[in-house]
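# got a sequence here, can you build the structure:
(chains A and B)
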Amino acid sequence: MSGPIGLAPADLALAATLLLVSAGLSIWLQLRLEWKLAIAATRMVVQLVLVGLVLKWLFVLVSPFWTGLAALAMVLFAGREAMARQERKLTGWWGYGLGTTSMLIAATLATVFALTMQIRPEPWFDPRYSIPLLGMILGNAMTGVSLGLYTLTTGAWRERAAIEARIALGAVLRGAMTAALMPIINSMAAAGVVSLPGMMTGQILSGVEPMEAVKYQILVMFLIAGGTALGAFGAVIGGAYRLSDARHRLRLDRLSAAKSNG
Amino acid sequence: MPSVLTIRGLTRPGLEPIDLDLASGECVVVRGPSGAGKSLFLRAIADLDPNDGHIALDGDAREAMPAPDWRRQVTYVAAEAAWWADDVGDHFADWTAAEAFVEAMLLPADCRGWPVARLSTGEKQRLGLARALALSPRVLLLDEPTSGLDAAAQEAVEDVMKDRLDGGAGIIVVTHDPAQARHFATRCLDFEDGRASEMAL
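Residues are numbered from 1 along each chain as shown, chains lettered A, B, ... in the order given. Below you'll find the predicted structure:
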């Protein structure tokens, strides 16, 4: 098995010249994107280098504490991103807490399951395995969770008159809402799997035998499917619970006003 | 006359505490400018929004029964009927129970198969009332039930309301029509800035 071919900084600088082509086009066509491009490129490089440094440090330490802290930070960032994608957030602690908690539980379960039952590194929390695995599961669970919550809250808001008409005629809200949401949860779980990590190609590039890379890809697909379904389920069921109460009322007062698009 | 609905200190944000006794066969009219709290009052009775206070139906406290059971007996009909399925018939749990009301309100019996999208404003309003009447509620909470109707349809709806009252039901109705108010009710609640005061008609 051949190892990966190393890259020198000069190689990267050479690749960056491709960006100059885009910048040149922007200037020529007066798109005024050249500065945005430059800033985005610089930020990308700085962020990735920082990630690389943190990972390198984590891999050397193999500390349960620092690995756990890094994992927690990833979940908190994912929770913030899921909340930022909402048009109408749940008010109070629920706005951030529901999506984040769902992802925390779902991604932790899927990652720990893979680490302790299938991949089984030594120690089981080895950051070389746990952190990338969590990242892939989390990224997809976030899509499922934020889409699921979005569909729930905007749907409840848009259909409030029809929902209340049924309640006024004696329909049961709590429980019925959950049953009505099952198809949504299923489709959100599927939507999460759409964004595939480029793990297999990455492994092949780094010299891993193709069939071995394929097996890893299959494993990760199953983990993502499970993690996303679990996360979307938790978030949507929790959201439905929060938007109703024990007297079967529709509690849209627990949603914040719509984010203005201006 | 025994009271069907007893309300003591009913309050919610935007509404000051209200007491009311509604007798069997009695209609109370609710009046007042837009935004004075008329709909909030009806919604609070039906327990559609969080509210405080004591309400009882025939002596049974509201909190002692599940909210859906309460709303089937104390039924709110919104000013604008909302629809959740494509066809009229899908909005009725028991079409047989509704059919007599549908025909009494001058709608053809075959409207069961009509698409909701085809209904006129007046047809929607009457069908919205019919699906509530089909539950045979003890108390009807009607929010401007005849606002979009022509004279003939309005009279038909009023006849149905009268018939319900004769059968022992109680009605609380929001209306802007003084003639309608005098026609049914002996008492009215005048709303102003969330405060209700009782008047004789």
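# wait, isn't residue A:38 in contact with residue A:22?
No: checked against C-beta atoms under 8 Å, the pair residue A:38 and residue A:22 is beyond contact range at 10.1 Å. Heads up, the C-betas are built off the backbone N, CA and C, glycines and all.
# give the burial count for the residue nearest to residue B:90 when sequence neighbours are not counted, as a bare number.
Of all residues not flanking residue B:90 in the chain, residue B:84 sits nearest, at 8.0 Å (C-beta to C-beta, 6 or more residues apart in numbering or on different chains). Applying other C-beta atoms under 10 Å in any protein chain shown, we find 14 residues neighbouring residue B:84.
# just say helix, strand or coil for the closest residue to residue A:137 other than its chain neighbours.
Of all residues not flanking residue A:137 in the chain, residue A:227 sits nearest, at 4.3 Å (C-beta to C-beta, 6+ apart). Judged by DSSP: H, G, I helix; E, B strand; the rest coil, the three-state class of residue A:227 is helix.
# double-check residue A:227 against residue A:143; I have them as touching.
No: judged on C-beta under 8 Å, residue A:227 makes no contact with residue A:143 at a distance of 11.0 Å.
# who's more crowded, the two?
Between residue A:227 and residue A:143, counted using other C-beta under 10 Å, the more crowded position is residue A:227 (32 against 24).
# which pLDDT does the model give that one?
Listed pLDDT for residue A:227 reads 93.
# which residues does it contact?
Residues in contact with residue A:227, defined by C-beta atoms under 8 Å, 6 or more residues apart in numbering or on different chains, are A:106-107, A:109-111, A:137-138, A:140-141.
# tell me the two of those residues that are most distant?
Maximum pairwise distance in those, criterion C-beta to C-beta, is 14.1 Å, between A:109 and A:140.
# and residue B:10, how many residues sit next to it?
Neighbours of residue B:10 under the rule other C-beta under 10 Å: 20.
# can you name the residues that contact the residue nearest to residue A:79 when sequence neighbours are not counted?
Spatial nearest neighbour of residue A:79, excluding adjacent residues (C-beta to C-beta, 6+ apart): residue A:100 at 2.9 Å. When contacts are counted by C-beta under 8 Å, 6+ apart, residue A:100 touches A:75-76, A:78-80, A:82-83.
# gap between residue A:100 and chain B?
With distances taken as C-beta to the nearest C-beta, to the nearest Å, residue A:100 is found 27 Å from chain B.
# gap between that residue and residue A:72?
Per C-beta to C-beta, to the nearest Å, residue A:100 is found 10 Å from residue A:72.
# circling back: settle it for me: which of residue A:109 and residue A:140 has more neighbours?
residue A:140 (28 against 16).
# and the helices in chain B?
B:38-45, B:67-73, B:95-104, B:121-133, B:151-166, B:178-184 (DSSP state H).
# near chain B, which residues of the stretch 101-250 of chain A are found?
The stretch 101-250 of chain A comes close to chain B at residues A:159, A:161-172, A:245-250, as judged by C-beta under 8 Å from any C-beta of the partner chain.
# where does chain B have low pLDDT?
Counting by pLDDT under 70, the ranges of chain B that qualify are B:1.
# at 50 instead, please
Under the criterion pLDDT under 50, no range of chain B is flagged.
# show me which residues of it are close to chain A?
Proximity of chain B to chain A (C-beta under 8 Å from any C-beta) is limited to residues B:46-50, B:66-69, B:71-72, B:75-78, B:80-84, B:93, B:128, B:131-132, B:135.
# report the buried members of those residues.
Among the residues of chain B next to chain A, those classed as buried by 16 or more other C-beta atoms under 10 Å in any protein chain shown are B:46-49, B:67-68, B:71-72, B:75-78, B:81-83, B:128, B:131-132, B:135.
# neighbouring contacts of stretch B:84-92?
Residues outside stretch B:84-92 that contact it (C-beta under 8 Å, 6+ apart) are A:159, A:162-163, A:165-166, B:83, B:95, B:98, B:111-117, B:119, B:127, B:130-131, B:134.
# same thing with stretch A:214-226?
Around stretch A:214-226, the neighbours that count as contacts under C-beta under 8 Å, 6+ apart are A:110-111, A:113-114, A:118-119, A:133, A:136-137, A:140-141, A:189, A:192-193, A:196-197, A:199-200, A:203, A:208.
# in that stretch, what counts as buried?
A:216-217, A:220-221, A:223-226.
# nearest residue to residue 159 in space, please, no chain neighbours.
Answering for chain A, as no chain was given. With C-beta to C-beta, 6+ apart as the criterion, residue A:159 has its nearest non-adjacent residue at 7.5 Å, and that residue is residue B:84.
# wait, chain B
Distances taken as C-beta to C-beta, 6+ apart place residue B:104 nearest to residue B:159, at 6.9 Å, with adjacent residues excluded.
# quick check: beta-bridge partners of residue B:12?
Taking DSSP bridges as the rule, residue B:12 bridges to residue B:15.
# report the separation between it and chain A.
11 Å.
# contacting residues around the closest residue to residue B:98 other than its chain neighbours?
Nearest non-adjacent residue to residue B:98, counting by C-beta to C-beta, 6+ apart: residue B:134, 3.7 Å away. Residue B:134 makes contact with B:92-95, B:97-98, B:101, according to C-beta under 8 Å, 6+ apart.
# now with 10 Å, please.
By C-beta atoms under 10 Å, 6 or more residues apart in numbering or on different chains, the contact set of residue B:134 is A:169, B:75, B:92-102.
# likewise residue A:135?
If you count contacts by C-beta under 10 Å, 6+ apart, then residue A:135 has A:51, A:70-71, A:74, A:78, A:107, A:111, A:197 around it.
# just give me the neighbour total for residue A:169.
Applying other C-beta under 10 Å, we find 22 residues neighbouring residue A:169.
# what of residue A:89?
Using other C-beta under 10 Å, residue A:89 has 22 neighbouring residues.
# okay but it is in contact with residue A:99, surely?
Yes: proximity of residue A:89 to residue A:99 meets the contact threshold set by C-beta atoms under 10 Å, at 9.4 Å.
# between those two, which contacts overlap?
Counting by C-beta under 10 Å, 6+ apart, the residues touching both residue A:89 and residue A:99 are A:83, A:149.
# excluding residues flanking it in the chain, which one is nearest residue B:152?
residue B:106 (6.6 Å).
# still on that earlier bit, can you tell me which of the contacts of residue A:135 has the most neighbours?
Counting by other C-beta under 10 Å, top hit in the contacts of residue A:135: residue A:107 with 31 neighbours.
# how about low-confidence regions in the stretch 51-200 of chain A?
Under the criterion pLDDT under 50, no range of the stretch 51-200 of chain A is flagged.
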